[in-house]
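Enquirer: let me see the structure of the following:
(chains A and B)
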Amino acid sequence: MKLIEEFELGLDAPICITWELTYACNLACVHCLSSSGRRDPRELTTAEAKGVIEELERMQVFYVNIGGGEPTVRKDFWELLDHAAEHRLGVKFSTNGSRIDDAAAARLAASDYVDVQVSIDGATAAVNDAVRGPGSFDTALAALERLAAAGFVQPKISVVVTRHNAGQLDDFKAIADRYGAQLRITRLRPSGRGADVWDELHPTAAQQRSLYTWLLEHGEEVLTGDSFFHLSAYGEALPGLNLCGAGRVVCLIDPVGDVYACPFAIHDEFLAGNVREPRGFEGVWRDSDLFTELRRPQSGGACESCGHYDACRGGCMAAKFFTGLPLDGPDPECALGHGEELLARRGSGLEIPSPAVDHSRRRPPSRACDENPLADFIAGA
Amino acid sequence: MSADIPLDGRWRLDPQVALRPERFGALAYHFGTRRLSFLKSRRLLEVVRKLEAAPDPLAACRAAGVEEAELPSYRRALATLAETGMIVPAEAAA
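Expert: Sure, this is the predicted structure:
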């Protein structure tokens, strides 16, 4: 059996997990796939989070991608990082850089088990800040500067490709080279708040084509998190696994312990269980109805007769779901244009699922004392 | 082992690599380079496990029961693991 077919049947333990540690964030990026902003009071406690780390070690999960929200705003962030290292669990964490001061940079540089990913979504402040908020570009670059000064080896710079930055790929590469960083380019998903801006921000078909060529030229030196496997239908396969690993080789643990099939699918439809259940994360991974279903042979539906189905495997489940397209049809950004045709034909009667979980900050609060979304930022900032 | 791939002498798994057996073979993760590799058969996993105790990789292959005809493909697989730093000469890893 080919490796990809093995993976589609699911593994006893995930290869990696995305773990959003908190929904709290000091930014309010327009495309945030977890609709983050305010902390959820039901967030996993330090003890519970440590329990998850120990469970992942027992399952021999190699590493977790930690995100949020902005994970560094959790007061126990460093404690959890140390706990992961003690339990031989690799950590890659995503940050907007706002809390990477000199001390944090030095601490990160001293650890073998931690990798850092700083997000920017434009190679210029104007393009970046339009998506991520005023000042966020300078903040991110300052963090990269500090990491370089502390001797941190090869952080990642993570970029979500949009219509406005798709022409800046070489500039992103130059920024990465300047800081001794590795560039990571990923796909804009219509998930979370991304659903609100996807129509305007997702790359045009021509931009996608150029992106594909650019990625092929740069091979494995540019990371993609395998997020562009749907573009393999243009011809040659891109480096990476080229399959949807949702519930089969990857999954998401959200801040309150809910386990979803993938980081781009925070919706009841893709909710498998919670790490607080007696069966724990391992039980959810092995036995949940949803993951069992995802590991059955999937129908390619309308795509099955397409000559490129073996290359793109029908694309991204979450992208289809949140644009209102059938899961067994083409990806909205199908390289052959079949997705675009379907999107254009969506009638007014079509109901597009909206994210079930939304922690976006509402401004202004109805009464000042209703909530204090910044409590975590003020303490220990 | 072919002459163009320097796989002589004693080799071993890099101490920073974790192996996880799977139905199809194994996953190997290098905590230093953060690279993930796939060992595409249980037999190859056996070979990798026997590397350190064997005088050279060829002996490890034989000890794991690799047939003569299969040696070239195992050699290629080991060369790839060596290129990506998953396996290293035993002295260098000390």
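Enquirer: would you mind listing what in chain B touches chain A?
Expert: Counting by C-beta under 8 Å from any C-beta of the partner chain, the residues of chain B close to chain A are B:16, B:18, B:20, B:22-24, B:27, B:29, B:31-32, B:34, B:36, B:38, B:40. Heads up, the C-betas are built off the backbone N, CA and C, glycines and all.
Enquirer: quick check: the farthest pair among the residues you listed?
Expert: B:23 and B:32 (27.1 Å; C-beta to C-beta).
Enquirer: where does the prediction get shaky in chain A?
Expert: Residue ranges of chain A with pLDDT under 70: A:347-350, A:363-381.
Enquirer: residues from it in reach of chain B?
Expert: By C-beta under 8 Å from any C-beta, the residues of chain A that approach chain B are A:1, A:3, A:6, A:11-13, A:15, A:60, A:62-63, A:88, A:90, A:92, A:112-113, A:115.
Enquirer: okay, and residue A:65 sits in which element?
Expert: For residue A:65, the element it lies in under DSSP states H and E is strand A:63-67.
Enquirer: max pairwise distance over the residues of chain A next to chain B: which two?
Expert: Among the residues of chain A next to chain B, A:1 and A:112 lie farthest apart (C-beta to C-beta), at 35.0 Å.
Enquirer: where do the helices of chain B begin and end?
Expert: B:42-50, B:57-63, B:71-83, B:90-93 (DSSP state H).
Enquirer: one step back: from the residues of chain A next to chain B, which is closest to chain B?
Expert: Comparing the residues of chain A next to chain B against chain B with C-beta to the nearest C-beta places residue A:62 closest, at 3.7 Å.
Enquirer: thinking again about what came up before, whichever of the residues of chain A next to chain B end up buried, select them in ChimeraX.
Expert: In ChimeraX syntax, the buried subset of those is picked out as below (16 or more other C-beta atoms under 10 Å in any protein chain shown):
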select /A:6,11,13,15,60,62,63,90,92,113,115
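Enquirer: among the residues of chain A next to chain B, which are in helices?
Expert: A:3, A:6.
Enquirer: and the residues of chain A next to chain B, which is closest to residue A:282?
Expert: Residue A:282 lies nearest to residue A:13 out of the residues of chain A next to chain B, by C-beta to C-beta, at 7.8 Å.
Enquirer: grab the most central residue of chain A for me.
Expert: Geometric centre of chain A, nearest residue: residue A:263, 5.3 Å, by C-alpha atoms, centre = their mean.
Enquirer: and for residue 45, the neighbour number?
Expert: No chain specified, so I'll use chain A. Using other C-beta atoms under 10 Å in any protein chain shown, residue A:45 has 11 other residues around it.
Enquirer: you looked at the wrong chain, it should be chain B
Expert: When neighbours are defined as other C-beta under 10 Å, residue B:45 has 21 of them.
Enquirer: packing partners of whichever helix or strand comes after the strand holding residue A:65?
Expert: Using DSSP H and E, the helix or strand that follows strand A:63-67 in sequence is helix A:77-86. Applying 3 or more C-beta pairs under 8 Å, 6 or more residues apart in numbering or on different chains; DSSP states H and E, we find helix A:77-86 packed against helix A:46-58, strand A:90-95.
Enquirer: of all those, which lies closest to residue A:268?
Expert: Closest to residue A:268 of the helices and strands packed on helix A:77-86, according to C-beta to C-beta: helix A:46-58, at 21.6 Å.
Enquirer: just give me the residue right at the centre of chain B.
Expert: By C-alpha atoms, centre = their mean, chain B has its centre lying nearest to residue B:48, at 4.0 Å.
Enquirer: of the residues of chain B next to chain A, which belong to strands?
Expert: In strands, judged by DSSP state E, the following of the residues of chain B next to chain A are found: B:18, B:20, B:22, B:27, B:29, B:36, B:38.
Enquirer: what bridges to the first one?
Expert: Going by DSSP bridges, residue B:18 is paired in beta bridges with residue B:29.
Enquirer: for it, give its distance to residue B:24.
Expert: Distance, residue B:18 to residue B:24, using C-beta to C-beta, to the nearest Å: 17 Å.
Enquirer: now the residue in the stretch 251-381 of chain A that chain B sits nearest to: closest residue in space, sequence neighbours ignored.
Expert: Chain B sits closest to residue A:295 of the stretch 251-381 of chain A, with a gap of 12.5 Å, by C-beta to the nearest C-beta. For residue A:295, ignoring the flanking residues on the chain, the nearest one in space by C-beta to C-beta, 6 or more residues apart in numbering or on different chains is residue A:10 at 3.7 Å.
Enquirer: rebuild the ones in strands among the residues of chain B next to chain A as CSV, extending it with pLDDT and neighbour count.
Expert: Below are those laid out as CSV (pLDDT from 0 to 100; neighbours: other C-beta atoms under 10 Å in any protein chain shown):
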residue, pLDDT, neighbour count
B:18, 93, 16
B:20, 95, 18
B:22, 93, 20
B:27, 94, 21
B:29, 93, 22
B:36, 89, 16
B:38, 92, 18
